[in-house]
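# next come a sequence and a model predicted from it.
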Amino acid sequence: MSEKKSLLLSGGSADPHLRALSSFAKRHGVDVLDLRGAPDSVPDVVFDPETCRLWHDGNLVTPCAAFLRDDVFTKSAADTYAASMSGIVKLLRGFVSVSPQVFTFNHDAFGRSRSVNKGAALAVASKIGLTVPKTRFGNDRDHLEEWLETDGPLVQKPVAGGDLCRPLHLASVQKARVIPPVIVQERVHGPDLRVFRIGQNFMSFRLRSEHLDYRDDKRPTIECVDTDPELQSKLEELNSAIGLTWSASDFKLCPDRGPVYLETNANPMFVGFDKISKGALVALMFDAMGLIGH
């Protein structure tokens, strides 16, 4: 009889993405090594970097695959919980990075591929032939004012991410005492396209919303669509250049320019898209992790 496979999960217990993976695992006979935390319950783990062994509750554990997410869903926890879970996830990333027998997406011993530098990704995307919007990164007030006056309307996002795409207005630039570095882009009109890379597979979703950023819309229209072969080929090249085997790349489907590349995320939200795909997205994740299928 073959040994039962196990998936290590860590992050916040309130994370719906980890819940979806845990539920799928249990339905398909995959053991879950549950290292998720909550304000009243933080897992006990020990990692020995010399022997590359991991213990949980005093027991040596040998997972086949791991999926880790920082806890961004527990809002009211004490500072000690946030610091503890952040440390545990970093500890576990160290373990999986030096454990080739444990499958993990975006495998990178030094964490360069856990987040994507948006400027570098746009440069690579342009170089390999993807259409990119006119973009500037910076905080030079005069430059931003001149660009708004000549090429508006423009939109803005934080350089480090973590916020929605919003309009950039001339009055707000002129009024601001200090302007933090921002990504400023021409506003591109059209439906959104999100393309997931899951190992060697790709899955695409078209989104329609009246909001500038569909994440600000509680009820966007989302449908699963075929991935264009030419676009997939370019995304394979882009993801390989960045070092990603799990990602989501966002585009605007501009009527006269085709797909316009916006950005790539290394640890994207996926639960809502999995529901639209009727579980096919998570199934592809488990297949890529070697936990089901061939």
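Thanks, I have the structure now. This structure is a prediction, so every number in the text was calculated from the model and none was measured. Residues are numbered from 1 along each chain as shown.
# which residues of this protein score low on pLDDT?
1-3, 76-78, 111-113, 152, 160-163, 170-180, 211-213, 215-217, 293-294 (pLDDT under 70).
# could you break it into its assigned domains?
Domains of the chain are assigned by automatic domain parsing as 6-97, 118-129+189-288, 135-186.
# now distance to Phe103 and mean neighbour count too, for the ones you listed, in CSV please.
C-betas here are computed from N, CA, C, even on glycine. Formatted as CSV, these follow (distance: least, CB to CB, whole Å; neighbours: other CB atoms under 10 Å):
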stretch, distance to Phe103, mean neighbour count
domain 6-97, 4, 17
domain 118-129+189-288, 8, 17
domain 135-186, 26, 14
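# to Phe105, which of the ones you listed lies closest?
For the domains of the chain, proximity to Phe105 was assessed by CB to CB; domain 118-129+189-288 is nearest, at 3.2 Å.
# bridging residues for Gly138?
Beta bridges link Gly138 to Val182, judged by DSSP bridges.
# my guess is it meets Trp147, correct?
No. Using CB atoms under 8 Å, Gly138 is not in contact with Trp147, being 10.2 Å away.
# which residues do these two both contact?
Common neighbours of Gly138 and Trp147, using CB atoms under 8 Å, 6 or more residues apart in numbering, are Val184.
# just the helices in the stretch 1-150 of the chain please.
With DSSP state H, counting those that start in this stretch as the criterion, the stretch 1-150 of the chain has helices at 16-27, 79-97, 118-127, 141-151.
# and these as JSON lines, adding distance to Thr245?
Output for these, formatted as JSON lines (distance: least, CB to CB, whole Å):
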{"stretch": "helix 16-27", "distance to Thr245": "16"}
{"stretch": "helix 79-97", "distance to Thr245": "13"}
{"stretch": "helix 118-127", "distance to Thr245": "16"}
{"stretch": "helix 141-151", "distance to Thr245": "37"}
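# re the thing from before, Asn106: which of the domains of the chain is closest?
domain 118-129+189-288 (5.3 Å).
# end to end, how far does that closest one reach?
26 Å (CA to CA, to the nearest Å).
# same question, stretch 259-270
Termini of stretch 259-270 sit 21 Å apart (CA to CA).
# and what of stretch 114-122?
OK, stretch 114-122 end separation, CA to CA: 17 Å.
# for Val271, what are its contacts?
Going by CB under 8 Å, 6+ apart, Val271 touches Pro16, His17, Ala20.
# now swap in Arg257 and tell me
Thr131, Val188.
# now with 6 Å, please.
Thr131 (CB atoms under 6 Å, 6 or more residues apart in numbering).
# how about the one 5 residues further on?
Leu262 makes contact with Asp250, according to CB under 6 Å, 6+ apart.
# in this structure Leu92 contacts Ser10, no?
Yes. Using CB atoms under 6 Å, Leu92 is in contact with Ser10, at 5.2 Å.
# report the set of residues contacting both of these two.
In contact with both Leu92 and Ser10: Leu68, using CB under 6 Å, 6+ apart.
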